[in-house]
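>>> Following is a predicted model, sequence given first.
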Amino acid sequence: MKSLVLLVGLMCMVGIHGDMYMHNPRGSNNRLDEAGRERNNGNRMFDSQNNNRGGYNVGSLAYMAGSVLPIEWTNQHSCGDPNAHCEIIIQYMCGDWVRDGASTSTIPENPAQCYNYDCNRDIRYGMHETYDYYLNCKQTEREANLFTADQNLNGDSAKYTRQNPKGTRRAYECPEERDYYPYWRPSPWRDIVVMTNDASRCEYYQAESANVKSRYACVLPLGYIQENINEDDPIIPITQPECESIYYQEAGNPNVTRGEWTEFPAHGIEAPDCREAHWSRDNHLGNGVSGQPNTYNWTLPANLEHERCAMRIRYNISTGEYDGWDPANINADLNNQNRNDPSQLNVAERLGLDEDEAEDRGYVFENNPNVDLFGTDDFTLQLAINTAQYGRTFQDRSHTFAVRKPVGEFRDATIHNLNVRGKRGNIVQVFPAVEYDFVPNTLEVQPGDYVHPQWTGSNTNPNNNDGQGLPGTDRSNMVPLAEQVYSEGGSSYYAPNIKYGHFGRSYPQEIMNSTFAGFTIETMTNMAVTQPNQFRGEMSELDDAGTYFDLGPQKVTQAGTYHYMCTRNNNFSNRSQKGRLIAKNEVVKYESIGYTGGNVTGPSGNLEFQKGTLDHLEDIKLEEWEPERGEWEIEDQGNEVDLPGEGYASKYIIVEPTHEFTTDNATFTISINLIGSSYDSIGVYRSDPYNLAMWEKIDHEQSGKTANIAVKGGGAYVIRGATSNVALIVGIIVAVAVVVLIVGAVVFFRRNPEKWSSITGVCSGTGGKV
């Protein structure tokens, strides 16, 4: 227990609001359908700790099980950066009573205020966790060994924490479970991924996840719970001996029951993914590396099927004032002993001060200390410190969504979700939400894959927000962009596939003359006028269309790069609701690999990274080219196809980044499958994929039909075959020997004709005999 409860690595910076917002799926930030820019009730569903202006109005989507869903978010304080310790945890839950509700009021705690005395089924109110879950939380003892600094908690149950000292209720969320991870008691939330600044913790996170590890908790007799339901002090202990020491006998019943220390099974799904977080800067709610959104691509479990699910993302950050992972530094013994006293956390040691001097000069861990920066005793500066927020968890949750079982042609298909993020308004009006964009903005697929365009929105955005069409409404469509009409950039990015449309255009292509991924004219028409969801009406600005559109999964049958746009959201304020679909015949695989290692696998190649090969997160790309494509690339760069060897023994394997990126000269393994069987020997060659003029031979080890290469970075790799010279020489010698033998026999018999006559005579004398 102790090793779990000390996880105050779920911490954050000083008290700055507006920290974590989910944009795809649409994060609610506790909104429902408010027509104002601020939410009505920050306690409606959960404790976000975010700004009131964040979030999107209610709207739901239905995803296919096994499909790929891009999760996008913005976090205000840094991740993947030395400025703060950071963990980002994404989870989901499903349940028959999970709902968005129809009221912005918080679901009641008193069942008498709900229909039929049953709050779990009162659909007026939004609900994720159940009433029973919260009742259990508020009646359970909090973990007393947690570090609470100088915060004065108003009670001893699990609803009181350092971040929630007054025990404020937000629907049926349990504050202790919200603030700490991995939580030691049962929880309905299932882990998707943990992203951390310190990936050496990943084995611990994965082993302790409730996905794979059961939890224990005390289950008390129902009568005992009901008799003590209004008690202020918690009645449910958190240790087995205390649990089993509770006995209860109902009036008139001779039987005595006692508390049971009960095992709650793990969720029975795979351990979560765990890796470093992508870098993001602090004091910034925007894109991450290379101007791209912070994204995690989640492949929904193939066996998940439910109509009522929700997702949450928690962002936990702390500064370096103390080591939240060291039990000697962080435990209840360091809490303040008396109200209004500072905590006993030793801040002095990290500043090079002794404890007496640190206390005299104000270097103590308490709210808003005055520090004597210069050691003069006559001048101090006040620090803006809130110990409830030095170690802080921010959160956002999605509106409900469904996950449905794929049927028919979709059953074994690769399906990519294509959604719309953002809401009506310019960048100032929607902040900290975002303007419209397609998600993902650039989607790479292969012919044979399916794309599932689907989006939702609201009719109750602020009426004075900028935008086209009916005020307050979100609408989107997809139409192919017109072709490029002026010189801009080169074409190498798109080659050898054909480019259709151009990002620089703001006019659409005529549908009847368009080509889009092999879709039919009917499908492209449906994308433009949001059919079959909408039938006719006034559609010039999509006003009569509904907020929800689902085209269904569409099969990509034609390679190319296709640019598209939304016709409605195309004014000066937000005129870049545009997207790009890249359909390549070549296999392309992307993975983010860090300290824990992993694999990037294609049909003809595999990259294997052992644990510790990298000390940072690296985005790895693996691409496979057929020999014809490789030669096209060489010639397209102005080079001659003059590779060593006599023929291809593999496809071209392209690995990016191309530079060396491993740690301390460590290597990772590229395994390439061999093709053909007519070569006596092979050679592995490497070049720069952006300059295929020079090829160098590199060492390899062959294991059956696979060549393994130890490398420190990427590049273009290909295996060439050769016929052995020894075999050629032997063949020549045998041929010469045969010729010499024939010539010698002719010469001999010409000089000795009687010998030839005797041989032919013997042969003719045996004719006809059996």
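Nice, thanks for sending it over. Numbering: from 1, shown residues only.
>>> For the stretch 451-600 of the chain, which segments are assigned as strands?
Taking DSSP state E, counting those that start in this stretch as the test, the strands found in the stretch 451-600 of the chain are 479-480, 499-500, 549-550, 554-555, 560-565, 578-583, 587-593, 598-601.
>>> now the ones you listed in a markdown table, with distance to G259, mean pLDDT and mean neighbour count?
C-beta coordinates here come from the backbone N, C-alpha and C atoms, glycine included. Below are those laid out as a markdown table (distance: least, Cβ to Cβ, whole Å; pLDDT from 0 to 100; neighbours: other Cβ atoms under 10 Å):
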| stretch | distance to G259 | mean pLDDT | mean neighbour count |
| --- | --- | --- | --- |
| strand 479-480 | 64 | 96 | 24 |
| strand 499-500 | 68 | 94 | 20 |
| strand 549-550 | 49 | 96 | 20 |
| strand 554-555 | 56 | 97 | 19 |
| strand 560-565 | 61 | 96 | 24 |
| strand 578-583 | 57 | 96 | 22 |
| strand 587-593 | 46 | 95 | 18 |
| strand 598-601 | 44 | 97 | 18 |
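>>> For those strands, give me a markdown table that also has distance to R258.
What follows is those, written out as a markdown table (distance: least, Cβ to Cβ, whole Å):
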| stretch | distance to R258 |
| --- | --- |
| strand 479-480 | 68 |
| strand 499-500 | 72 |
| strand 549-550 | 53 |
| strand 554-555 | 60 |
| strand 560-565 | 66 |
| strand 578-583 | 62 |
| strand 587-593 | 50 |
| strand 598-601 | 48 |
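>>> So which of those is nearest F394?
With distances scored as Cβ to Cβ, the stretch of the strands of the stretch 451-600 of the chain nearest to F394 is strand 587-593 (22.5 Å).
>>> so that closest one versus strand 578-583, what angle?
Our comparison of strand 587-593 with strand 578-583, counting by axes from the mean of the first three to the mean of the last three Cα atoms, to 10 degrees, yields an angle of 120 degrees.
>>> Which strands or helices does strand 587-593 pack on?
Counting by 3 or more Cβ pairs under 8 Å, 6 or more residues apart in numbering; DSSP states H and E, the packing neighbours recorded for strand 587-593 are strand 598-601, strand 618-625.
>>> Can you check which of the strands of the stretch 451-600 of the chain gets nearest to V451?
It's strand 554-555; of those, that one is closest to V451 (Cβ to Cβ) at 5.4 Å.
>>> how about the strands of the stretch 451-600 of the chain, which one is nearest N691?
strand 587-593 (20.5 Å).
>>> per-residue pLDDT, S343?
For S343, the pLDDT comes out at 71.
>>> heads up, I number from 33, so please use that
All right, first residue 33 from here; so that's S375.
>>> May I ask which helix or strand encompasses it?
S375 is part of no helix or strand, with elements assigned from DSSP states H and E.
>>> how near is it to P359?
Noted for S375: a distance of 16 Å to P359, by Cβ to Cβ, to the nearest Å.
>>> Out of the strands of the stretch 483-632 of the chain, which is closest to D575?
Closest among the strands of the stretch 483-632 of the chain, once you apply Cβ to Cβ, is strand 581-582, at 14.0 Å.
>>> if we can go back for a sec, which of S375 and P359 has more neighbours?
The neighbour comparison of S375 against P359 (other Cβ atoms under 10 Å) goes to S375, with 20 against 13.
>>> Enumerate every residue touching that one.
By Cβ atoms under 8 Å, 6 or more residues apart in numbering, S375 lies in contact with F179, A181, D182, L366, N367, N368, V396, F397, E398, T419.
>>> now swap in N335 and tell me
By Cβ under 8 Å, 6+ apart, the neighbours of N335 are A97.
>>> and it, what pLDDT?
95.
>>> what's the answer for S99, then?
pLDDT, S99: 98.
>>> Which residue comes closest to it once chain neighbours are left out?
I447 (3.8 Å; Cβ to Cβ, 6 or more residues apart in numbering).
>>> on that earlier part again, may I ask which of the contacts of S375 comes out lowest in pLDDT?
L366 (68).
>>> Roughly how far does the nearest residue to M559 once chain neighbours are set aside sit from L475?
Excluding its sequence neighbours, the residue lying closest to M559 (Cβ to Cβ, 6+ apart) is M510, at 4.2 Å. Distance, M510 to L475, by Cβ to Cβ: 12 Å.
>>> cool, and E667?
29 Å.
>>> Looking at these two, which one has more neighbours?
Shown here are E667 and L475; by other Cβ under 10 Å, L475 has more neighbours (21 against 12).
>>> Pass me the low-pLDDT residue ranges in the stretch 483-632 of the chain, would you?
Residues of the stretch 483-632 of the chain that meet the criterion pLDDT under 70 lie in 522-523, 604-607.
>>> the helices in the stretch 33-182 of the chain, which residues?
With helices called from DSSP state H, counting those that start in this stretch, the stretch 33-182 of the chain shows them at 34-37, 163-171.
>>> ranking those by mean pLDDT, which is last?
Taking mean pLDDT as the measure, helix 34-37 is lowest among the helices of the stretch 33-182 of the chain, coming in at a mean of 34.
>>> Which residue, other than its chain neighbours, is closest to Y711?
G753 (2.8 Å).
>>> can you check P676 too?
R752 (5.7 Å).
>>> Can you classify the one you found by secondary structure?
strand (DSSP: H, G, I helix; E, B strand; the rest coil).
>>> Show me what it is bridged to.
Y680, G715 (DSSP bridges).
>>> how near is it to T738?
In terms of Cβ to Cβ, R752 sits 16 Å off from T738.
>>> Over to R568?
R568 is 59 Å from T738, by Cβ to Cβ.
>>> Settle it for me: which of those two has more neighbours?
T738 (15 against 8).
>>> What does the residue nearest to the more buried one when sequence neighbours are not counted show for phi and psi?
Nearest non-adjacent residue to T738, counting by Cβ to Cβ, 6+ apart: S703, 5.3 Å away. Main-chain dihedrals, S703, degrees, to the nearest 10: phi -110, psi 130.
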